[in-house]
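>>> Only the shape, not the letters, is given here:
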């Protein structure tokens, strides 16, 4: 299996920390966020990793180089005219990721997790993706997707179908997903594109499964969240 780490974002809400350092290189307990992901992927035998780059991407290249020191092979997908958003970045990197129609793992470079990736599911031929969800954090209380019996729906889709217990089953997308290349096949001509419309279109066909992510998860989106996460990790130590 191949994997992609999304690392092209500007990190506006993290300023001034990201004025001179890309967000995936911000440190938790003295280790850059992106390094945690690479080590976890290496531990489950994922040796081919693609990282997309835009803002201060050269800093990431300088730190990670070709990945040899982590026991992996890293390729870079540059978005030199500016970040292409999540789906746009995946589509641009697809030639480096697609192998027949084998699934590949995508992880946001600016999250912290203690999940070890060792229990990845096997997608059926009908499944286009599998997403990991988390309980809704304070900055996203309404959630993103509806999860029932292992199948995902958009909130709008669930509401149309008359789901009465919507809030009990509506969770936030963790930024971790397993995708088939064919999920993006109809969108190859798109340059800048968010991921949500592609996911929602596949959800309408019941092609996306999901599960709750166990363990610690933090979207390191503000300096305050980074500070709180470091306090939490140091407290555990």
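Looks like it came in fine. None of the values given here were measured: they were computed from a predicted structure.
>>> who does the longest strand seen in the chain touch, helix- and strand-wise?
Ranked by residue count under DSSP state E, the longest strand found in the chain is strand 170-179. Contact partners of strand 170-179 among helices and strands, from 3 or more C-beta pairs under 8 Å, 6 or more residues apart in numbering; DSSP states H and E: strand 104-108, strand 111-113, strand 129-134, strand 145-148. Heads up, the C-betas are built off the backbone N, CA and C, glycines and all.
>>> what does the last one contact?
The one in question is strand 145-148. Residues from elsewhere that reach strand 145-148 (C-beta atoms under 8 Å, 6 or more residues apart in numbering): 131, 133, 152-155, 157-158, 163, 166, 169-171, 173, 199, 203, 210-212.
>>> same check, this time on the third one
Residues from elsewhere that reach strand 129-134, judged by C-beta under 8 Å, 6+ apart: 103, 115, 121, 123, 144-145, 147, 152, 171-174, 176-180, 183, 199, 202, 207-213, 217.
>>> Let me know the next secondary structure element after the longest strand of the chain.
Using DSSP states H and E, the helix or strand that follows strand 170-179 in sequence is helix 196-203.
>>> Centre of the chain to that next one, how far?
With C-alpha atoms, centre = their mean, to the nearest Å as the basis, helix 196-203 stands 15 Å off its chain's centre.
>>> After that helix, which helix or strand is next?
Downstream of helix 196-203 (by DSSP H and E), the next one is strand 208-212.
>>> average model confidence for stretch 21-34?
Mean pLDDT, stretch 21-34: 94.
>>> Mind listing what's buried along that stretch?
21-26, 28, 32-34 (16 or more other C-beta atoms under 10 Å).
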